[in-house]
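Colleague: Sequence and predicted structure are below.
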Amino acid sequence: MDAFHFCENCDEVVTAGRNNCPRCQVGLPSATDVVFVDSFEAEENLKISSDEEVRQKERQDVRETLISGKAEKCFLYPYKLTPVEHLKLAEILITNWGKVDSKSGVGSKFWLCPECGRHLPYNPYEDKHKKNIQRWHEYHRRLCTGDVIPLVLAYKFETDVLILNIPSRGDDKRIGRFVFSPTLVTLAEALQVGAHNVLELESGEISSFVRRSAPGVMTDQIIFYETIPGGAGYLDEMAKRLPEVAIEAMNRLYGHECSQACYLCLKRYANQKYHSLFNKDLVRDILFLIARQELVSAQPGKIGDGLELLKEMINHRINGTDETIKIYKKGEIEEPLRIALSKFDDLPQGQRDYEIKDDQGRLVTVPDFAWPEVKIAVYCDGYAIHANRETLERDAKKRNFLQSRGWVVFVYWGRTILKDADGCAKQIYSLYQERKKKKI
């Protein structure tokens, strides 16, 4: 057995003995005992019980976590506003907390005897299985003198890891005790699909999970890891070719028509718990921005450098000290996009400065371009101007307001528009045709 602190504030996991979380600095809860299972012993069943005949699928509380501070080497890929950390031989901890309780949303853990390893297959606090529990204890006492205790099953291995840092969209949703961002969950799966296609991998060789941000922090993280212990170098290639991965993800998501997600793009058996969160419309603009990134070279670094670099990039935009970004005059980037949009004869001219109001008639937001008949809103140079925490939070609320009412929101950096206005316009045009056909 081993023990870990699982931070309830930011989902960080650290070995027992710490008082505060190294990531969010909040006090850690008591350590949780976990058991690493090395082998199983089969039991003979000569007949199927009534319980087996009516057995239904159970949802298990399985959690994937990155153990803090464990990595042999770290390399930083300083992509603009999407910096990536590549960790060599970091530790991934996968835990199973047992059957999910329908009321609390938390796993009920596994009742195991630490002496002999036998498993009590019933919750000892459930009266409906009282007789079965009693018979199990009688059988167990004939073989062992130990007592069953609630434990978490665990599996730990070293492998290569990528940490993608991005500005937060602030669209968290709570499912039971867990908090997920639909944008982040969708982006993680989309880039995972793109990486499998670009690198020609078998399904499941790269996996991913979302790392919850500490409250008040306007940055998010996605963790990608190789499922092969020791790693095989796939994530090094993914980091080097991140724009290509994003392009392939876009081809996979938007090369067919579906509502939010389907089994041709994002859905698969292994990610069923996220199906209700997937929405490919949420990541159209961020995939496009990653796809238009310039390639960068790896730099030696340490764990956390990507997050600090992202914060630094945002602060440079707040202070106006980022030499790679200029504050554009009104119309300086909107006009090239308007000209590019006008090349599509069957695309109506987007309404400029269209006012979107709430149900009480209060002004909520004014996109730079809008097609209200199909609910498409376009904003130019969002991060360059709107980069402080308060404005990011307001922008996130506005975006969430629009998306809750069926709008698709595009936010383009000024330099992306100037570099590829036709590409931006094509993305808008394609979505317009798709939504017009659906009569949204």
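Modeller: Received it, and whenever you're ready, just let me know what you need.
Colleague: Please work out which residues outside stretch 426-440 touch it.
Modeller: Residues external to stretch 426-440 that are found in contact with it (CB atoms under 8 Å, 6 or more residues apart in numbering): 254, 257, 281, 284-285, 288, 341, 344, 346-347, 350, 369, 371, 373-376, 378, 406, 408, 410. For the C-beta atoms, the positions are set from N, CA and C on the backbone; glycine is no exception.
Colleague: Which parts of the stretch 201-350 of the chain are strands?
Modeller: Using DSSP state E, counting those that start in this stretch, the strands assigned to the stretch 201-350 of the chain run over residues 206-211, 219-226, 299-301.
Colleague: most tightly surrounded among those?
Modeller: Among these, the stretch with the highest mean neighbour count (mean count of other CB atoms under 10 Å) is strand 219-226, at a mean of 22.
Colleague: relative to strand 206-211, how tilted is that one?
Modeller: Taking axes from the mean of the first three to the mean of the last three CA atoms, to 10 degrees, strand 219-226 and strand 206-211 form an angle of 160 degrees between their directions.
Colleague: Output the contacting helices and strands for strand 219-226.
Modeller: Contacts defined by 3 or more CB pairs under 8 Å, 6 or more residues apart in numbering; DSSP states H and E place strand 219-226 against strand 60-66, strand 149-167, helix 182-198, strand 206-211, helix 234-240, helix 305-319.
Colleague: Which among the ones you listed is found nearest to Y125?
Modeller: Proximity to Y125 (CB to CB) singles out strand 149-167 among the helices and strands packed on strand 219-226, at 10.3 Å.
Colleague: quick revisit: which of the helices and strands packed on strand 219-226 sits closest to L76?
Modeller: Closest among the helices and strands packed on strand 219-226, using CB to CB: helix 305-319, at 4.9 Å.
Colleague: Can you tell me the number of residues neighbouring F410?
Modeller: The burial metric for F410, expressed as a neighbour count using other CB atoms under 10 Å, is 23.
Colleague: Just to check, it is in contact with V283?
Modeller: No: judged on CB atoms under 8 Å, F410 makes no contact with V283 at a distance of 11.0 Å.
Colleague: now the helices for the stretch 301-440 of the chain?
Modeller: In chain order, the stretch 301-440 of the chain shows helices spanning 305-319, 334-341, 382-385, 389-404, 414-419, 421-438, with DSSP state H, counting those that start in this stretch as the criterion.
Colleague: I'd like those helices written out as JSON lines, with distance to S207 and mean pLDDT added.
Modeller: Output for the helices of the stretch 301-440 of the chain, formatted as JSON lines (distance: least, CB to CB, whole Å; pLDDT from 0 to 100):
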{"stretch": "helix 305-319", "distance to S207": "19", "mean pLDDT": "81"}
{"stretch": "helix 334-341", "distance to S207": "37", "mean pLDDT": "94"}
{"stretch": "helix 382-385", "distance to S207": "29", "mean pLDDT": "44"}
{"stretch": "helix 389-404", "distance to S207": "27", "mean pLDDT": "77"}
{"stretch": "helix 414-419", "distance to S207": "30", "mean pLDDT": "86"}
{"stretch": "helix 421-438", "distance to S207": "29", "mean pLDDT": "92"}
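Colleague: now these in CSV, with distance to W97 and mean neighbour count?
Modeller: What follows is the helices of the stretch 301-440 of the chain, written out as CSV (distance: least, CB to CB, whole Å; neighbours: other CB atoms under 10 Å):
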stretch, distance to W97, mean neighbour count
helix 305-319, 27, 18
helix 334-341, 49, 18
helix 382-385, 38, 20
helix 389-404, 30, 16
helix 414-419, 42, 19
helix 421-438, 40, 17
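Colleague: Determine which of these approaches C262 most closely.
Modeller: In this view, those are compared for proximity to C262 by CB to CB, and helix 421-438 is the closest at 13.9 Å.
Colleague: okay, the angle between the closest one and helix 334-341?
Modeller: Compare the direction of helix 421-438 with that of helix 334-341 by the same axes, to 10 degrees and you get 60 degrees.
Colleague: can I see the domain layout of the chain?
Modeller: Annotated domains of the chain cover 2-103+154-309, 114-147, 325-438 [automatic domain parsing].
Colleague: Which among the ones you listed is found nearest to N315?
Modeller: domain 325-438 (7.9 Å).
Colleague: quick check, distance from the closest one to the centre of its chain.
Modeller: Here domain 325-438 is found 24 Å from its chain centre; the criterion is CA atoms, centre = their mean, to the nearest Å.
Colleague: Lovely, talk soon.
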